[in-house]
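Student: sequence plus the predicted model coming up.
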Amino acid sequence: MVISEFYMGSQRFILLSNDDLIQNIMKPVIDGSFHNRISDDHEGFKDAGLLNNGLAFNNNYNEWQYYRKFFTKVMMSSSFIKQSVIVVQNSFLEMEKYWEKLGEDTVLEFNHWSKRYFFDTIFVTTTNKPAYALANYYNKITPNEKSSLPESILKESDMFVESIDALTHSIGYFFFVPRIIRNFPGINRYTQYFKDRNNWLENNVCNIIKSKREEIDKTPIDQKLKSDMLTMYLTVNIERDVTKRIADDLHDKPMSDKSIAANFREALAGGIDTSSNTMCFLINLLENNPKVKQRMIEEIERVLGKDPNSLFTSEDLSKLEYVEAIIKEVSRVNSLIPINIKKNTEPEVIGGYRWSKGTIFILDIDRIQNHESYWKDPEIFNPDRFMDKNNPDSKNQIYMFGGGLRKCPGRNLAMVEIKATLAMLYRKYDIQLMGPLKESIQTIRKCDELKVKLKKRKNL
Ligand code: HEM
């Protein structure tokens, strides 16, 4: 079945499970028909306060385009990517310090470490400030002496991590679950939990914005401001605009705190759960495919050298072709976002049928990426399909970052962070899985448990 129809309450969805059917939808056409993801009056998203805020669920094209410019300017620039490679190496060094204190016999819950690690990394890259989520987590679990922390830390970083997790999962919940079920006794406590977490996140993001504004106000006028993402949002259209006039004629006022909070929240939510879960699935598949792992380590050592502590740059990472093929293959077999959602604003013909405007299409990425009509032996984990340009599989689309104009704006950042993390981990440690990876599919494919032991490699 390549096209099917289903309902959740009164909401109709059309499921597309064939790559040819989604090609048009995924084309990056300006003002194309498939620009939005949800209906303009989506009841669940209104209820959750997610509609027409920020980027991902903003159906107002001009607003979306304006906010997207900030993401593009920051996250797609080479200077930002270069800086991110330094930040990610610093976060890794910090994480290793805690692992060393815990000792090699400790079973590490890698999914929890990974989440805090990407939280700290994305927080510094977007605000130029540390968040200390790793330090807080270490202090929470260690039986040993706790790590001393500066006064200015995000004491609530654990609650932050939990709230971002809740925000990600609330997206699928408010999207699919009709109001009558959300309010049903027993289920309504999930609804309330998501709302509470989202409100908590909103308030705390607003506090961060407030303190950044104070910092900007205190910075002498002749002193250059940093051009991190948050400072860009806060200074656009004021005298000290660090965005070099990103604004257009439609946007001549400073950005409201509500809009800044929504965009900043999306940078955090977009960048943490996605990358941290991807890392867990990578480790799991690599440990179950020792030949692939060995070849990857050889590439890492060939490109970055044998010293497991040497620093590297984004140019070095771009030479890790096999590592990149592994990341693509993991995203093919364990697609992190198993479905993509698009809505047409004009009537469209797909699969020989004419669909009225406002149809919600669910793109069945998981099935397409694992279907034998497109992939040779799809059940086999084989990164080589992306290495050899003559392999027909290498021509296939991988939808890890979606497609069209709304393709993930954090994709370059995610790729360098994940490559860097894999390299730092595998050039130094032997990983022992302490049980199977446990997963669930909520809005994204989530790793619920990945227990490992890490030992420094003997031949170092
Ligand atoms: C492994 C990491 C990541 C994966 C797998 C991923 C995947 C995706 C996918 C599938 C989409 C939907 C695209 C579409 O509709 O076609 C998306 C959108 C988005 N992503 Fe990512 N992403 C990752 C990392 C990041 C990072 C690091 C950030 C930012 C720091 C980010 C921010 C966003 C935002 C804001 C959107 C909405 C874009 C829009 O609507 O214009 N993502 N991502």
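Tutor: Alright, I've got the coordinates.
Student: which parts of the stretch 151-300 of the chain sit against the ligand?
Tutor: 266-267, 270-271, 274-275, 278 (C-beta under 6 Å from any ligand atom). For every residue, glycine as well, the C-beta is placed using N, CA and C.
Student: which of the residues you listed fall in helices?
Tutor: 266-267, 270-271, 274-275, 278 (DSSP state H).
Student: out of those, which comes closest to residue 6?
Tutor: Using C-beta to C-beta, residue 274 comes nearest to residue 6 of those, at 26.1 Å.
Student: wait, that closest one sits on residue 281?
Tutor: No. Assessed by C-beta atoms under 8 Å, residue 274 is found out of contact with residue 281, at 11.1 Å.
Student: what residues do these two have in common as contacts?
Tutor: Shared contacts of residue 274 and residue 281, defined by C-beta atoms under 8 Å, 6 or more residues apart in numbering, comprise residue 336.
Student: how about residue 87: what's its closest non-neighbour residue?
Tutor: Using C-beta to C-beta, 6 or more residues apart in numbering and skipping the chain neighbours, the partner closest in space to residue 87 is residue 124 (5.0 Å).
Student: so which elements touch the helix or strand containing that neighbour?
Tutor: Assigned by DSSP states H and E, residue 124 belongs to helix 110-127. Helices and strands touching helix 110-127, by 3 or more C-beta pairs under 8 Å, 6 or more residues apart in numbering; DSSP states H and E, are helix 78-102, helix 133-141, helix 157-176, helix 229-235, helix 257-287, helix 411-426, strand 445-449.
Student: quick check, residue 30 in a strand?
Tutor: No. Judged by DSSP: H, G, I helix; E, B strand; the rest coil, residue 30 forms no part of a strand; its state is coil.
Student: need the per-residue pLDDT for the residue nearest to residue 87.
Tutor: On the pLDDT scale, residue 124 is placed at 93.
Student: now for it: which residues touch it?
Tutor: 87, 90-91, 130-131.
Student: distance from stretch 192-210 to the middle of the chain?
Tutor: Counting by C-alpha atoms, centre = their mean, to the nearest Å, stretch 192-210 is centred 19 Å from the centre of its parent chain.
Student: what about the closest residue to the ligand within the stretch 1-150 of the chain, neighbour count?
Tutor: Closest approach between the stretch 1-150 of the chain and the ligand, counting by C-beta to the nearest ligand atom: residue 56, at 4.0 Å. Close neighbours of residue 56, defined as other C-beta atoms under 10 Å, add up to 18.
Student: one more: the one 5 residues further on?
Tutor: By the measure other C-beta under 10 Å, the count of residues near residue 61 is 14.
Student: most widely separated two among the residues of the stretch 151-300 of the chain next to the ligand?
Tutor: 266 and 278 (17.9 Å).
Student: higher neighbour count, these two?
Tutor: Using other C-beta under 10 Å, the more surrounded residue of residue 266 and residue 278 is residue 278, with 25 against 22.
Student: contacting residues for the more buried one?
Tutor: 327, 330-331, 336, 414, 418.
Student: quick check: of these, which lies closest to residue 139?
Tutor: Nearest to residue 139 out of the contacts of residue 278 is residue 418 (C-beta to C-beta; 26.6 Å).
Student: thought the closest one was touching residue 281?
Tutor: No. Residue 418 is not in contact with residue 281 according to C-beta under 8 Å; the separation is 10.7 Å.
Student: between those two, who's got more neighbours?
Tutor: residue 418 (25 against 21).
Student: on that earlier part again, what's the farthest-apart pair in the contacts of residue 278?
Tutor: It's 330 and 414 that sit farthest apart of the contacts of residue 278, by C-beta to C-beta, at 12.7 Å.
Student: number of nearby residues for residue 333?
Tutor: Count around residue 333 with other C-beta under 10 Å applied: 17.
Student: helix, strand or coil for the spatially closest residue to it that is not a sequence neighbour?
Tutor: Once flanking residues are discounted, residue 333 sits nearest to residue 381: 5.9 Å by C-beta to C-beta, 6+ apart. Per three-state DSSP, the local secondary structure of residue 381 is coil.
Student: look up phi and psi at residue 381.
Tutor: Main-chain torsions, residue 381, degrees, to the nearest 10: phi -80, psi 110.
Student: Provide a list of residues in contact with it.
Tutor: 285, 288-289, 292, 329-330, 333.
Student: kindly recompute the last result at 7 Å.
Tutor: Residue 381 is in contact with 285, 289, 329, 333, counting by C-beta atoms under 7 Å, 6 or more residues apart in numbering.
Student: again with residue 120
Tutor: Residue 120 touches 91, 130-131, 133-134, counting by C-beta under 7 Å, 6+ apart.
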